[in-house]
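1. What shape does this take:
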Amino acid sequence: MLPPELPPLPALTCAEGELIDRYLDVVDLLGRINPAQNAGTYGGLRAAQALVRKAVELRDALSLMHQRGETELHAATLACALRVLDGERRTARVTVPSDGSG
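-> Numbering: from 1, shown residues only. Coordinates of the predicted model:
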């Protein structure tokens with residue numbers, strides 16, 4: 001049996017696609033750095049080192065959009081793209097987990 005098909009990715013401009021990709025790169029690294037989610041320092045250190053480069057790439061993607069006159073983000077479309085690309089699970093790694101006592 002085949003796994004269920006993912007919903008289609010919404011139509012994005014190349015710049016929007018680059019923004020989403022770079023954003024998720026940063027989120028993934030922040031998840032690896034999150035001290036509430038990880039037990040080791042070496043993996044966090046490596047992720048922090050890579051974060052500098054990925055943050056520059058994210059900045060460059062946003063800067064290019066701005067220079068081209070793309071001054072507004074289409075939040076609903078970009079949120080849909082993030083959901084299709086597993087953004088909810090990926091961003092959850094950045095948060096502090098609930099301790100269960102609330």
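
2. For this protein, which segments count as helices?
-> Listed in chain order, the helices of the chain (DSSP state H) span residues 14-33, 41-67, 75-84, 87-92.

3. ok, the residue lying closest to Leu58 once chain neighbours are set aside - contacts?
-> Leaving aside its sequence neighbours, Leu58 sits nearest to Arg22 (Cβ to Cβ, 6 or more residues apart in numbering; 4.1 Å). Backbone N, C-alpha and C define where each C-beta goes, glycine included. Under the criterion of Cβ atoms under 8 Å, 6 or more residues apart in numbering, the neighbours of Arg22 are Lys54, Glu57, Leu58, Ala61.

4. Quick one: buried ones out of those residues?
-> Lys54, Leu58, Ala61 (16 or more other Cβ atoms under 10 Å).

5. so what's Val84 up against?
-> Taking Cβ under 8 Å, 6+ apart, we find Val84 in contact with Leu6, Pro7, Pro8, Leu9, Pro10.

6. Now it. Nearest residue, chain neighbours left out?
-> Sequence neighbours aside, Leu9 is the residue nearest to Val84 in space, at 5.1 Å (criterion: Cβ to Cβ, 6+ apart).

7. Show me the residue at the heart of the protein, geometrically.
-> By Cα atoms, centre = their mean, the chain has its centre lying nearest to Leu24, at 1.9 Å.

8. hang on, it packs against Arg93?
-> No. Leu24 is not in contact with Arg93 according to Cβ atoms under 8 Å; the separation is 11.4 Å.

9. In stretch 15-30, which residues are buried?
-> Residues 15-16, 18-20, 22-30 are the ones in stretch 15-30 that count as buried (16+ other Cβ under 10 Å).

10. Find the pair from those residues with maximum spatial separation.
-> Maximum pairwise distance among the buried residues of stretch 15-30 (Cβ to Cβ): 22.5 Å, between Ala15 and Leu30.

11. For the spatially closest residue to Leu19 that is not a sequence neighbour, list the residues it contacts.
-> Closest residue in space to Leu19, ignoring its immediate chain neighbours: Ala61 at 4.7 Å, by Cβ to Cβ, 6+ apart. The contact partners of Ala61, by Cβ under 8 Å, 6+ apart, come to Ala15, Glu18, Leu19, Arg22.
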